[in-house]
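Asker: next input, structure requested:
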Amino acid sequence: MEEKKWTAGWGCASTTTAQAVSDYVEDITFRYVIYPTMNATAVRLHFSNLCGHETIKVDKVFVARRSAWKAAVPGTAVEVTVGGKSGFTLAAGEESVSDPAEFTVEPGAEFFVSMYIKDKTELCSGHWNSHSMITKYYSRGDYAAADDIPTLTYGENCPYVFLNTIDFLTDPDCAAIIAFGDSITAQPWPDCFARRLVEMGVTNRSIVRKGIGGGRVLREYQCRIKKHWGVAGIKRFEHDVVQAGADRVFVLHGINDIIHPGLNNPLCPMSELPTVEELVGGYRKYIEIARKHGMKIYFSTLLPCPRCLNDGGEREKIRCGANEWIRTSGEHDGVIDYETAVMNQEDPKQMDPQYDSGDHLHPSVAGAKHMAYSIPEEYFKN
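Answerer: Now for the predicted structure:
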């Protein structure tokens with residue numbers, strides 16, 4: 001029998017939860033829907049209190065096969081322990097990995113991760129992302145091991161808390177792709193790509209999302225109301241991309257460095273607008289880290305964004321300069337040309353309306369799918 005290996009199969013980035021989320025929770029069950037692309041015979045879960053200020057306690061964690069909506073397949077719930085015990089505690093700034101839990105995973109067969117928190121617990125470390133392919137449920141009371149739960153909230157628009165990566169015990173030829181970036185990556189294209197893998201029958205690859213909405217390559221926000229936009233990419237890149245079995249990373253990052261700075265903006269002044277050379281310097285840092293860990297790295301071109309046309313077009317010059325470097329430098333392993341995939345052919349400075357979510361920055365679900373299906377096969381099949 002071939003030796004199995006651990007490979008990251010699902011993930012999100014850890015950051016400070018948005019201020020719109022309650023600062024504390026108690027007597028609540030979180031249930032997250034996970035879409036896998038690989039087979040596995042066991043899982044292990046990574047938990048993080050990286051951004052917390054207090055010790056947190058999670059009382060129970062279970063995985064179970066999903067039947068329909070919020071209900072599990074009866075009899076499939078398996079407890080996930082940490083250090084041989086139910087639940088776990090994490091001091092502020094700490095992270096941990098669970099014990100392996102025997103649990104069968106199949107490509108395209110969704111499963112749940114359910115966590116119960118009994119006592120008042122700070123809710124500061126997590127990841128805020130939402131769209132039609134991300135499903136989360138929240139219920140008052142302990143339903144971590146239950147087949148069904150009475151939903152307090154359908155939690156599509158709320159954060160993942162504490163859980164940030166799931167490793168699969170899988171076949172030796174399996175490998176993870178890390179999707180690194182900002183809100184465009186926190187939204188649907190990685191989910192569409194996961195479904196593309198399953199449709200193609202590619203069962204030895206996963207896509208692990210490590211995108212943070214609002215995140216920039218070079219800088220970060222210090223104030224509480226913006227901390228959920230994460231630390232600078234050059235600070236978090238190594239932490240987020242070095243995952244079990246990960247051998248490559250797809251990067252789509254930099255648009256926020258260009259569009260966030262503004263005149264009379266006390267949180268992000270125009271002095272924080274980077275030059276092309278500075279932004280490329282951040283990209284080169286990503287390459288340096290990827291190479292150190294033996295990983296391939298592919299860069300995606302920055303999408304058309306009308307906000308770059310403000311201020312006399314200086315921002316657009318930076319966006320185009322960054323894309324020119326991505327296309328021509330030869331310093332990385334390949335180009336994923338998302339700009340060309342979603343641009344309006346009659347007005348290349350705009351997204352095609354069918355691919356625009358309506359805010360002229362983020363792709364629609366159709367746009368995300370088009371992006372995911374535009375990735376060359378040789379970037380993930382070898």
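
Asker: what residue ranges in this protein score low on pLDDT?
Answerer: 1-2, 130, 152-157 (pLDDT under 70).

Asker: for it, what spans make up the helices?
Answerer: For the chain, helices defined by DSSP state H occupy the ranges 183-186, 189-200, 233-241, 255-259, 276-292, 314-328, 338-342, 365-374.

Asker: a markdown table for those helices, including distance to Arg209?
Answerer: Any C-beta I mention is one placed from the backbone N, CA and C, and that applies to glycine too. Formatted as a markdown table, the helices of the chain follow (distance: least, C-beta to C-beta, whole Å):
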| stretch | distance to Arg209 |
| --- | --- |
| helix 183-186 | 6 |
| helix 189-200 | 4 |
| helix 233-241 | 10 |
| helix 255-259 | 17 |
| helix 276-292 | 16 |
| helix 314-328 | 21 |
| helix 338-342 | 16 |
| helix 365-374 | 12 |
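
Asker: ok, which of the ones you listed comes nearest Tyr35?
Answerer: helix 189-200 (5.7 Å; C-beta to C-beta).

Asker: show residues contacting the closest one.
Answerer: 35, 37, 107-108, 131, 133-134, 179, 203, 205-207, 209, 211, 363, 365, 368-369, 371-373, 375, 380 (C-beta atoms under 8 Å, 6 or more residues apart in numbering).

Asker: in strands, which of those appear?
Answerer: Mapping these onto strands (DSSP state E) picks out 179, 205-207, 209, 211.

Asker: need the max-distance pair from these.
Answerer: Spanning the widest gap among the ones in strands among the contacts of helix 189-200 are Arg205 and Gly211, at 18.0 Å by C-beta to C-beta.

Asker: which residue packs closest to Asp23, ignoring adjacent ones?
Answerer: Leaving aside its sequence neighbours, Asp23 sits nearest to Leu123 (C-beta to C-beta, 6 or more residues apart in numbering; 6.3 Å).

Asker: can you count the residues close to that neighbour?
Answerer: Per other C-beta atoms under 10 Å, the neighbour tally for Leu123 reads 21.

Asker: contact partners for it?
Answerer: By C-beta under 8 Å, 6+ apart, the neighbours of Leu123 are 17, 21-25, 161.

Asker: surely Asn39 touches Gly108?
Answerer: No: Asn39 is not in contact with Gly108 according to C-beta atoms under 8 Å; the separation is 10.6 Å.
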